[in-house]
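**Q** have a look at this fold, sequence not included:
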């Protein structure tokens, strides 16, 4: 099996994980809209407020955002300062993407993910729940989204880096422009 084939296989595998998280985010957006609609309807038509439904809004929004970041990274939908990047030749942009991930993104997401695991475990051990009457139980569940999503960001970034490596070392310059394709 050639280096290009191995990189392509790993890239597609990691892109499937990112695509799955993108699909989960899309479903969560619909859930969030329905939740807000229900909450507003109950509040203004029936004068009934549910603390649990309000807390569920920010739980769902957190999951939507945290999982959506991985998909955004895969689709090159993240914010980048393009003053220098856009003026570089393709090979220069490839190097910036690779080094940016390895030097800045990967260490950051791994540190946050690592400490997020302990943050979640402590919440679970304490049986942390909402401080409001009628609030949601199991606060650790929303806290668990932090390490899960940050490790998923590492996988998405690794998939992008593999695509860039494949394009750099195999001469497949089209590989760097396959950002928005579905696998």
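**A** Structure's in. What do you need? Please read all numbers here as calculations on a predicted model, not as lab measurements.
**Q** ok, now which ones touch the closest residue to residue 134 other than its chain neighbours?
**A** With sequence-adjacent residues excluded and distances taken as C-beta to C-beta, 6 or more residues apart in numbering, residue 134 is closest to residue 51, at 4.1 Å. Every residue, glycine included, has its C-beta placed from N, CA and C. By C-beta atoms under 8 Å, 6 or more residues apart in numbering, the residues touching residue 51 are 130, 132-135.
**Q** let's have those residues in a markdown table, adding pLDDT, neighbour count and secondary structure.
**A** What follows is the contacts of residue 51, written out as a markdown table (pLDDT from 0 to 100; neighbours: other C-beta atoms under 10 Å; DSSP: H, G, I helix; E, B strand; the rest coil):
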| residue | pLDDT | neighbour count | secondary structure |
| --- | --- | --- | --- |
| 130 | 86 | 14 | coil |
| 132 | 85 | 11 | coil |
| 133 | 84 | 7 | coil |
| 134 | 82 | 12 | coil |
| 135 | 81 | 15 | coil |
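**Q** returning to that earlier point: and the residue nearest to residue 134, its phi and psi?
**A** Dihedral angles of residue 51 (phi, psi; degrees, to the nearest 10) stand at phi -60, psi -40.
**Q** can the contacts of residue 51 go into JSON lines with extra columns for distance to residue 105?
**A** Shown next, in JSON lines, are the contacts of residue 51 (distance: C-beta to C-beta, whole Å):
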{"residue": "130", "distance to residue 105": "33"}
{"residue": "132", "distance to residue 105": "36"}
{"residue": "133", "distance to residue 105": "41"}
{"residue": "134", "distance to residue 105": "40"}
{"residue": "135", "distance to residue 105": "35"}
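**Q** before I go, just wanted to say thanks for your time.
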